[in-house]
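1. coords below, sequence missing:
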């Protein structure tokens with residue numbers, strides 16, 4: 001059996017040690033890059049989330065403003081004023097108001113003096129019968 005001299009290592013053991021250290025260093029670099037990438041990704045998502053929250057708050061404020069505007073535009077006094085001024089409409093003549101029989105009692109309007117009553121009311125396409133068909137905002141006839 002051949003003996004090797006004391007204090008000397010075989011040439012292959014140095015290469016193994018280098019390979020182990022190199023693999024460990026490569027793994028450490030890869031883990032560092034992965035950690036950095038995940039931190040950057042989390043930070044990016046955080047900025048996006050903050051921007052989305054701000055957009056949500058802005059849209060909620062805009063929705064409230066628009067609802068208020070819709071309620072204002074639908075107000076009966078405003079509609080009446082617009083009909084009278086811009087569309088030059090006025091109240092209907094009593095002979096143009098038609099009261100339908102068979103309308104629900106809670107919402108039945110009183111007929112105007114001299115108004116014509118209809119004995120066979122026509123139901124609306126998707127609901128209860130109309131109680132009053134009125135041309136109260138009809139345009140005045142021009143000569």
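-> The structure has been received and is ready for your questions. Predicted model only: the values in this text are computed from it and were never measured. Numbering: from 1, shown residues only.

2. and the lengthiest helix in the chain, what does it pack onto?
-> For the chain, the longest helix by residue count, based on DSSP state H, is helix 11-73. Using 3 or more C-beta pairs under 8 Å, 6 or more residues apart in numbering; DSSP states H and E, no helix or strand is in contact with helix 11-73. For every residue, glycine as well, the C-beta is placed using N, CA and C.

3. any idea of the mean pLDDT for that helix?
-> Helix 11-73 shows a mean pLDDT of 94.

4. Next SSE downstream of that helix?
-> Moving toward the C-terminus from helix 11-73, the next helix or strand (DSSP states H and E) is helix 76-85.

5. Could you tell me the angle between that following helix and helix 11-73?
-> 60 degrees (axes from the mean of the first three to the mean of the last three C-alpha atoms, to 10 degrees).

6. What are the structural domain limits within the chain?
-> As recorded under automatic domain parsing, the domains making up the chain are 11-74, 89-133.

7. So for stretch 94-105, what gets flagged as buried?
-> Residues 97, 98, 99, 100, 103 are the ones in stretch 94-105 that count as buried (16 or more other C-beta atoms under 10 Å).

8. Doesn't the third one belong to a strand?
-> Spelled out, that is residue 99. Yes - according to DSSP: H, G, I helix; E, B strand; the rest coil, the state of residue 99 is that of a strand.

9. That one and residue 83, how far apart?
-> Note on residue 99: its distance to residue 83, by C-beta to C-beta, to the nearest Å, is 21 Å.

10. Also the second one?
-> With distances defined as C-beta to C-beta, the gap from residue 98 to residue 83 amounts to 19 Å.
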